[in-house]
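**Student:** fold the following and give me the result.
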Amino acid sequence: MRFFNKTSISLAVLLMTGLISFAGCKDNKGGEVPDPTVDPPMADTTDVNMWLTTGDKTVLFKKQQVRLLFKDTTNIYPDIKVDDAQAYQTIDGFGYCLTGGSATLINSLSADVQDALLKELFLTDSTHIGVSYLRVSIGASDLSAAPFTYNDLAAGETDASMAKFSIDMEKKDLLPVLKKIVALAPNIKILGSPWSAPSWMKTNNASKGGSLKPEYYAAYALYFVKYIQAMKAEGITIDAITPQNEPLHGGNNPSMVMQANEQADFVKNHLGPAFKAAGLTTKIIVYDHNADKPEYPAAILKDADAYPYVDGAAFHLYGGSITALTQLHDAYPEKNIYFTEQWVGGPGNFGNDLKWHVSTLIIGATRNWSRNVLEWNLAADPNYGPHTEGGCTTCLGALTIGSGVIRNVAYYIIGHASKFVRPGSVRIASNITSQLDNVAFKTPDGKKVLIVVNSGTTPQTFNIQYKGKVVTSTLTNGAVATYIW
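**Tutor:** Numbering: from 1, shown residues only. Sure thing, here's the model as predicted:
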């Protein structure tokens, strides 16, 4: 028999008379307010788990202790209908570009801090975010301390046989960090992209700008082969490469211009045959630039001799519309689509950046057939370094690494997808309603994942409808939630 004291009796009276009520109350974070007279709900008392980030940063990628139960009842709220009978592309992963500068900063951390951080980034248990895809630069990017390639020579020298090729520059920071990552996430996919060929191969003999001389196409193809083999010898599998980062942008340092007809020539007559001769299965992904020029990858895929060597095309979104990805998919549906870079400009606006990147990329890119979504640099210091002279001076990392580690908006943008939408997941159908941008997936173990952002200016209550039943939730304006069932 349970005995009551005066306080509990008074509380019971108030509840019965309706002077205070907890049933159906909503907190300002979008979930039901728990009844303080009962224990918080356990995981097995809810049909749907919910992880939340709010634009005002009061909640940062936190699992919500709310009961979200599927019910047969109907209500007045709009429905997001999830249908796993309609399936689209398979997902390869979500992540970042592990720039040379990012690797340097991570490798500078004390052993225990570095270990904890890498587990947080690449494992999936606890609150770890499970990054599943990385892009690395082949040689330096503009977020390395200085330009370099793997075959830099004195003025006037050449090395078409790649006798002097070496990735020793990466043995200080990038390779040690990558090896630790691969130990934590053995199946992580890694994409390699060059910002420039060695200067001696280029029309201007400089790290910035210029084009690849046709007489060095074969040498440059061998450069890629040597790179993939050298990384493999270090225990790092390169899943895919792009022939050139941002081939229409020659103003970065380093950079190199490669027109569509040049890239088609390079792929069909040199790179593809070199990979085949070396027995490499590394994917060749073309373009790797903005969505405003889908005709660039289309021109390569239209080339019957280049086509067999090409896995697909990669995009950034510093220009154009994300719907251009679907335009290319519809023209070449058997080829894959990738989204490989988008920066956050520092110091940034957390709420606006969260809403735009989740809505446009995590949701928009995948709804337009992308197999992955990568934010730009994983880490920068408090002054947005390191970077080359002429490189990006305001690229905000997902992490700021200085006296400590600060998690910035890109950490949460990726975390909302990477932790739950594991490689091998398949995008499934869902409708967009009432400024509730969303995308749905079915994971390899049969779970359904729905990512929703309230793109409106007011809080919104809505239903998730699945197999004829609904669960009701509320999101404040600008909030992002991942629902898993």
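**Student:** who's in contact with the biggest helix by length in the chain?
**Tutor:** If you go by DSSP state H, the chain has its longest helix at helix 217-233. For helix 217-233, contacts defined as Cβ atoms under 8 Å, 6 or more residues apart in numbering pick out 138, 150-151, 159-162, 165-167, 192, 197-198, 201, 212, 237-238, 241, 243, 265-266, 269-271, 273-275, 278, 280, 282. Glycine gets a C-beta too; all of them are placed from N, C-alpha and C.
**Student:** got the CA coordinates for that helix in CSV?
**Tutor:** Output of helix 217-233 as CSV, limited to C-alpha atoms (Å, rounded to 0.1, in the frame of the first residue of the first chain):
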residue,chain,number,x,y,z
TYR,A,217,48.5,14.1,-69.5
ALA,A,218,50.0,10.6,-69.3
ALA,A,219,52.5,11.7,-66.6
TYR,A,220,49.6,13.2,-64.6
ALA,A,221,47.6,10.0,-64.9
LEU,A,222,50.6,8.1,-63.5
TYR,A,223,50.7,10.6,-60.7
PHE,A,224,47.2,9.5,-59.7
VAL,A,225,48.1,5.9,-59.9
LYS,A,226,51.2,6.4,-57.7
TYR,A,227,49.1,8.3,-55.2
ILE,A,228,46.5,5.6,-54.8
GLN,A,229,49.1,2.9,-54.5
ALA,A,230,51.2,4.9,-52.0
MET,A,231,48.1,5.6,-49.8
LYS,A,232,47.2,1.9,-50.0
ALA,A,233,50.7,1.0,-48.8
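**Student:** name the residues of it that are buried.
**Tutor:** Residues of helix 217-233 classed as buried under the neighbour-count rule (16 or more other Cβ atoms under 10 Å) are 217-228, 230-231.
**Student:** quick one: buried ones out of the contacts of helix 217-233?
**Tutor:** 138, 150-151, 159, 162, 165, 167, 192, 197-198, 201, 212, 238, 241, 243, 265-266, 269-271, 274-275, 280, 282.
**Student:** what about those, which are in strands?
**Tutor:** 138, 192, 241 (DSSP state E).
**Student:** leaving out chain neighbours, which residue sits closest to the first one?
**Tutor:** Nearest residue to residue 138, sequence neighbours excluded (Cβ to Cβ, 6 or more residues apart in numbering): residue 194, at 4.0 Å.
**Student:** residues contacting the one you found?
**Tutor:** Counted by Cβ under 8 Å, 6+ apart, residue 194 has contacts 137-139, 149, 242-245, 256.
**Student:** redo these as a markdown table? Include distance to residue 330 and pLDDT.
**Tutor:** Below are the contacts of residue 194 laid out as a markdown table (distance: Cβ to Cβ, whole Å; pLDDT from 0 to 100):
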| residue | distance to residue 330 | pLDDT |
| --- | --- | --- |
| 137 | 31 | 98 |
| 138 | 31 | 98 |
| 139 | 35 | 98 |
| 149 | 37 | 98 |
| 242 | 22 | 99 |
| 243 | 24 | 98 |
| 244 | 25 | 98 |
| 245 | 26 | 98 |
| 256 | 30 | 98 |
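**Student:** of these, which is the nearest to residue 77?
**Tutor:** residue 242 (43.7 Å; Cβ to Cβ).
**Student:** ok, and the closest non-adjacent residue to that closest one?
**Tutor:** Closest to residue 242 by Cβ to Cβ, 6+ apart is residue 288, at 3.9 Å.
**Student:** could you pull out the strands in the stretch 251-400 of the chain for me?
**Tutor:** Taking DSSP state E, counting those that start in this stretch as the criterion, the stretch 251-400 of the chain carries its strands at 283-291, 312-320, 336-341, 372-377, 379-380, 399-401.
**Student:** check the offset of the first one from the chain's centre.
**Tutor:** Computed by Cα atoms, centre = their mean, to the nearest Å, the chain-centroid distance of strand 283-291 equals 15 Å.
**Student:** what lines up beside that strand in the sheet?
**Tutor:** Under the criterion DSSP bridges, strand 283-291 sits next to strand 240-241 (parallel), strand 312-320 (parallel) in its sheet.
**Student:** which ones are touching residue 182?
**Tutor:** By Cβ under 8 Å, 6+ apart, the neighbours of residue 182 are 188, 235-236.
**Student:** drop anything exposed from the residues you listed.
**Tutor:** 188, 236.
**Student:** and stretch 353-373, average pLDDT?
**Tutor:** Averaged across stretch 353-373, the pLDDT comes to 98.
**Student:** I should have written stretch 85-94 there, sorry.
**Tutor:** Mean predicted confidence for stretch 85-94 is 98.
**Student:** quick check, distance from that stretch to the centre of its chain.
**Tutor:** With Cα atoms, centre = their mean as the basis, the mean position of stretch 85-94 lies at 14 Å from the chain mean.
**Student:** contact partners of it?
**Tutor:** 131-133, 188-189, 336-338, 362, 366, 369-374, 414, 417-418, 421-429, 441-442.
**Student:** just the buried ones from these?
**Tutor:** For the contacts of stretch 85-94, buried by 16+ other Cβ under 10 Å: 131-133, 188-189, 336-338, 362, 366, 369-374, 414, 417-418, 421-423, 425-428, 441-442.
**Student:** from these, which land in helices?
**Tutor:** Going by DSSP H, the helices hold 366, 414, 417-418 from the buried ones among the contacts of stretch 85-94.
**Student:** reformat these as a markdown table; add distance to residue 119.
**Tutor:** Listed next are these as a markdown table, based on distance: Cβ to Cβ, whole Å:
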| residue | distance to residue 119 |
| --- | --- |
| 366 | 26 |
| 414 | 16 |
| 417 | 19 |
| 418 | 14 |
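**Student:** re earlier: ranking the strands paired with strand 283-291 by burial, who's on top?
**Tutor:** strand 240-241 (a mean of 24; mean count of other Cβ atoms under 10 Å).
**Student:** so who does residue 242 touch?
**Tutor:** 191-194, 284-288, 314, 340.
**Student:** now the two most distant members of these.
**Tutor:** 192 and 287 (15.1 Å).
**Student:** cross the contacts of helix 217-233 against helices and list the overlap.
**Tutor:** 265-266, 273-275, 278.
**Student:** in the stretch 51-200 of the chain, which spans are helices?
**Tutor:** 100-107, 111-122, 174-184 (DSSP state H, counting those that start in this stretch).
**Student:** look up phi and psi at the residue lying closest to residue 364 once chain neighbours are set aside.
**Tutor:** Counting by Cβ to Cβ, 6+ apart, residue 322 is the residue found nearest to residue 364 once chain neighbours are left out, at 4.2 Å. Dihedral angles of residue 322 (phi, psi; degrees, to the nearest 10) stand at phi -60, psi -20.
**Student:** between the helices of the stretch 51-200 of the chain, which one is closest to residue 293.
**Tutor:** helix 100-107 (27.2 Å).
**Student:** show residues contacting that closest one.
**Tutor:** Helix 100-107 is contacted by residues 96, 114, 117-118, 137, 140-141, 143-145, 170, 172-174, 176-178, 377-381, 385-387, 397, 399, 401 when judged by Cβ under 8 Å, 6+ apart.
**Student:** can you give me the buried ones in it?
**Tutor:** 100-106.
**Student:** for stretch 136-146, same thing?
**Tutor:** 136-145.
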